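Chemist: got a sequence here, can you build the structure:
(one chain, ligands or ions: 1)
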Amino acid sequence: MATIWAYEHVNFCSFALLVFGILVFLMFQIVKKLQYYHNRESMVDIPPGSPALPLIGETLQFMAAINSGKGFYEFVRIRRLWYGNCFRTNIFGETHVFVSRTQSAKTILNNELGNFTKRYIRSIAQLVGYRSLLCADHQHHKLIRSRFTNLFSTTSISLFIKHFDQLIVENLRSWEHKSTVVVLDEALQITCKAMCKMLMSIDSEYKLEILQKEVVQVCEAMLALPLRIPGTRFHKGLQARKRIMSLIEKEINERRRGIGANNSQDDFLQRLLRVDDHDKACSDATTSLTDAEIKDNILTMIIAGQDTTASAITWMVKFLDENQEVLHILRNEQLQLASKISTQSFLTLEDLNEMPYASKVVKESLRMASVVPWFPRLALQDCVIEGFRIKRGWNVNIDARSVHLDPTVYGDPNKFNPSRFDDEPKPYSFLAFGMGARTCLGMNMAKAMMMVFLHRLITTYRWKVTDPDSSIEKWALFSRLRSGCPVIVTRISPDSDGFKP
Ligand code: HEM
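Modeler: Presented below is the predicted three-dimensional model:
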């Protein structure tokens with residue numbers, strides 16, 4: 001009897017287990033189906049993109065593009081071809097959407113609904129500092145920007161033009177004795193000097209050389225994997241940042257204590273410290289910049305102003321070499337101007353206003369080169385762009401380069417044609433310096449530097465580019481020519497070139 005009872009009991013348990021198993025299986029299937037419908041619903045109108053691997057996403061492909069001669073923009077270009085104007089990807093564990101229509105650029109850069117804020121990838125923020133204009137949150141950004149805007153007044157720019165012209169004239173003098181001149185190297189030296197002089201009155205060749213090397217390390221780390229492991233590119237960048245920070249800190253301390261030759265200079269640092277001390281005296285602590293803010297932003301200005309402008313100058317020299325008819329028109333304009341201005345004096349802002357064609361050459365070079373190829377933003381809430389749903393927390397990047405090369409925006413976009421700027425470009429189609437609240441602070445300064453450089457180069461030398469390679473430098477945040485644009489130069493003879501001083 002006990003055996004039969006035990007037998008029935010085992011049977012019952014097996015049956016119950018089987019039913020339980022079937023129920024669990026059915027429930028699992030139902031949940032899966034529901035999840036599928038839910039996901040399908042939420043996937044329906046997000047931008048197209050590759051099915052990303054968890055965490056890694058397309059980071060490896062992104063890194064491979066940075067490490068190739070085509071530059072990281074290649075990553076964007078290929079996906080635009082695959083998925084269209086608006087696509088989604090996953091880099092460093094985050095979702096990134098790229099958009100490339102002028103209408104989207106307008107919506108995002110105008111940011112009337114407050115849906116977006118600027119955000120660089122974490123590695124960049126760690127290198128320039130979280131108090132940098134490039135990374136600060138909305139309120140913080142407003143305060144810092146207002147402080148720096150004053151420093152870019154017309155008076156400052158006029159003074160800067162004179163200093164910059166002086167630097168160019170000195171630098172170009174040495175070109176004649178070189179068998180080959182690498183334009184990017186020279187331009188980086190000049191712009192680094194110009195920025196350091198303007199910001200902190202640094203003149204010493206030794207200090208400048210060290211600082212330039214440190215800045216290069218910071219820039220090279222910007223797109224690297226954010227690994228704080230000694231020996232990695234990122235770690236080297238962080239170490240370089242530390243050294244730059246202590247250099248600026250030393251400068252601030254010396255000025256506060258009244259030590260050093262730069263104490264009486266009227267440079268950006270001195271003006272920031274003056275405002276700062278004045279504010280503290282007025283106990284208006286809320287608007288004064290802290291030393292940490294000053295340091296992060298001095299570094300930001302060096303990086304934002306040096307590398308970008310030097311790259312733009314280099315592209316401009318290459319484009320002009322490839323377009324001799326444009327160079328001819330430009331040369332005529334510049335030689336005419338040269339005959340009007342005194343050979344003894346330096347260029348002025350008024351002189352630059354007399355260079356309409358050079359101004360268009362600068363714009364066209366910036367359009368074709370798109371030195372800052374994309375502008376990163378963070379979606380603060382769910383919204384719709386180009387008919388696609390964008391989720392809060394996603395990174396949305398404006399693909400300026402695609403806008404600049406869009407044939408529906410610029411006819412024959414790959415042709416270097418400065419005269420296309422005879423008419424004002426369509427709204428939000430010329431994005432070399434961005435637009436809206438985050439427009440480049442140094443825009444007028446950068447244009448002035450490019451024009452001064454053009455004037456002096458054209459009225460001093462003829463040049464020939466010896467390496468026509470258009471590959472982009474690896475690991476560069478801004479589009480830079482890998483060859484650096486090597487040229488051979490011949491000094492212009494005033495008589496044969498119609499130059500009458
Ligand atoms: C040809 C040279 C230059 C180019 C192509 C360029 C381009 C740009 C672009 C596109 C932005 C906006 C990015 C965005 O909206 O996300 C920007 C921002 C900025 N640029 Fe430039 N720039 C150049 C030169 C300079 C110079 C000379 C300086 C300063 C001395 C400078 C300082 C800045 C600063 C501080 C910002 C951040 C502005 C903010 O977020 O409020 N740039 N630049």
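Chemist: tell me which residue of the protein lies closest to the ligand.
Modeler: Closest to the ligand within the chain is Gly442: 2.2 Å, counting by C-beta to the nearest ligand atom. Where C-beta positions appear, they are placed from N, C-alpha and C, glycine not excepted.
Chemist: could you pull out the buried residues of stretch 451-470?
Modeler: For stretch 451-470, burial by neighbour count (16 or more other C-beta atoms under 10 Å) applies to 451-463, 465, 467.
Chemist: in strands, which of the residues you listed appear?
Modeler: Among the buried residues of stretch 451-470, the ones falling in strands (DSSP state E) are Tyr461, Arg462, Trp463, Val465.
Chemist: residue contacts, the spatially closest residue to the first one that is not a sequence neighbour?
Modeler: Among residues not flanking Tyr461 along the chain, Val489 sits closest, at 4.1 Å (C-beta to C-beta, 6 or more residues apart in numbering). For Val489, the residues meeting the contact criterion (C-beta atoms under 8 Å, 6 or more residues apart in numbering) are Trp175, Glu176, Val181, Tyr461, Arg462, Trp463.
Chemist: doesn't Val489 fall inside a strand?
Modeler: Yes - assessed with DSSP: H, G, I helix; E, B strand; the rest coil, Val489 lies in a strand.
Chemist: what pairs with it across the strands?
Modeler: Residues in a beta bridge with Val489, per DSSP bridges, are Trp463.
Chemist: what's the pLDDT at it?
Modeler: pLDDT recorded at Val489 is 97.
Chemist: list the contacts for Leu378?
Modeler: Phe116, Thr117, Lys118, Arg119, Gly393, Trp394, Asn395, Val396.
Chemist: in three-state terms, label it for me.
Modeler: strand.
Chemist: which non-adjacent residue is nearest it?
Modeler: That would be Arg119: by C-beta to C-beta, 6+ apart, it lies 3.9 Å from Leu378.
Chemist: packing partners for the helix or strand hosting Gln217?
Modeler: Using DSSP states H and E, Gln217 falls within helix 205-221. Contacts defined by 3 or more C-beta pairs under 8 Å, 6 or more residues apart in numbering; DSSP states H and E place helix 205-221 against helix 122-128, helix 183-200, helix 233-256, helix 291-322.
Chemist: interface residues of this structure facing the ligand?
Modeler: Taking C-beta under 6 Å from any ligand atom as the criterion, the chain approaches the ligand at residues 118, 133-134, 145, 300-301, 304-305, 308-309, 312, 366, 371-372, 375, 432-434, 438, 440-442, 445-446.
Chemist: picking that back up, what does the pLDDT read for the residue of the chain closest to the ligand?
Modeler: 96.
Chemist: so who does it touch?
Modeler: Phe152, Met301, Ala304, Gly305, Thr309.
Chemist: returning to that earlier point: run a quick neighbour tally on the residue nearest to Leu378.
Modeler: Counted with other C-beta atoms under 10 Å, the neighbours of Arg119 add up to 20.
Chemist: surely it meets Cys135?
Modeler: Yes - using C-beta atoms under 8 Å, Arg119 makes contact with Cys135 at a distance of 7.4 Å.
Chemist: what touches both of the two?
Modeler: In contact with both Arg119 and Cys135: Ala125, using C-beta under 8 Å, 6+ apart.
Chemist: tell me which stretches of the stretch 51-200 of the chain form helices.
Modeler: 59-66, 73-83, 102-110, 122-128, 138-149, 154-175, 183-200 (DSSP state H, counting those that start in this stretch).
Chemist: TSV for the ones you listed, including mean neighbour count and mean pLDDT?
Modeler: Listed next are these as TSV, based on neighbours: other C-beta atoms under 10 Å; pLDDT from 0 to 100:
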stretch	mean neighbour count	mean pLDDT
helix 59-66	17	86
helix 73-83	17	90
helix 102-110	19	95
helix 122-128	20	89
helix 138-149	15	89
helix 154-175	16	95
helix 183-200	23	95
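Chemist: how about a markdown table for those, with distance to Asp351 added?
Modeler: Compiled in a markdown table, the helices of the stretch 51-200 of the chain are given as follows (distance: least, C-beta to C-beta, whole Å):
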| stretch | distance to Asp351 |
| --- | --- |
| helix 59-66 | 40 |
| helix 73-83 | 35 |
| helix 102-110 | 32 |
| helix 122-128 | 34 |
| helix 138-149 | 25 |
| helix 154-175 | 8 |
| helix 183-200 | 18 |
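Chemist: nearest to Val403, out of the ones you listed?
Modeler: Closest approach to Val403 among the helices of the stretch 51-200 of the chain is made by helix 102-110 (6.0 Å; C-beta to C-beta).
Chemist: what's that closest one in contact with?
Modeler: 86, 99, 115-116, 375, 377, 385-386, 396, 398, 400, 403, 409, 426-429, 431, 434-436, 438.
Chemist: surely Leu269 meets Ile298?
Modeler: Yes - in terms of C-beta under 8 Å, Leu269 counts as a neighbour of Ile298; the distance is 6.4 Å.
Chemist: now do the shared contacts for those two.
Modeler: Shared contacts of Leu269 and Ile298, counting by C-beta under 8 Å, 6+ apart, come down to Leu199, Met200, Ile248.
Chemist: got the contact list for the first one?
Modeler: Read that as Leu199. Asp267, Phe268, Leu269, Ile298, Met301, Ile302.
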